[in-house]
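*Asks:* coordinates only, sequence not included:
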């Protein structure tokens, strides 16, 4: 039996996701970043700040993005002077990713803007139950 759209979790999630993506796009536009550029820049910055120099494949895995799309977006971030790709000495086919100084500053500014947008969007619903549910649905918890 089909549920009414307003009672369908998938339908509601679709609408919530679209609304949230519009909010995030709006806060990233003044920074000249698309949402996916932000995700890849922020993930690279986070990994770099934790002593890692990811390659395209490991970055795509960490960010949850398609490898080919990741490559295209990384080229754009490199063109903007936000990341550098260096040949991996242990595998010359791979490129290690490092955020530039400018990229690191922009990543931190964008993270602050996105986190503020998240607080405004989700409000008081960022409690542990919601986070727990989202982590489980995203496959980040073993349960």
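*Replies:* All right, it came through fine. Everything quoted here is computed from the prediction, not taken from an experiment.
*Asks:* doesn't residue 62 make contact with residue 47?
*Replies:* Yes - using C-beta atoms under 8 Å, residue 47 is in contact with residue 62, at 6.5 Å. All C-beta atoms are positioned from the backbone trio N, CA, C, and that covers glycine.
*Asks:* those two - which one has more neighbours?
*Replies:* In this view residue 47 and residue 62 are compared by other C-beta atoms under 10 Å, and residue 47 has more residues nearby, 19 against 16.
*Asks:* need the residues touching each of residue 47 and residue 62.
*Replies:* residue 54 (C-beta atoms under 8 Å, 6 or more residues apart in numbering).
*Asks:* quick one, longest helix in this structure?
*Replies:* The longest helix of the chain (DSSP state H) is helix 101-122.
*Asks:* let me know the angle separating the helix or strand following that helix from helix 101-122.
*Replies:* Next helix or strand after helix 101-122 toward the C-terminus (DSSP states H and E): helix 128-137. Relative orientation of helix 128-137 versus helix 101-122 (axes from the mean of the first three to the mean of the last three C-alpha atoms, to 10 degrees): 120 degrees.
*Asks:* pLDDT on helix 128-137, on average?
*Replies:* Across helix 128-137, the average pLDDT comes to 81.
*Asks:* before we move on, what about stretch 33-43?
*Replies:* Rounded mean pLDDT across stretch 33-43 is 98.
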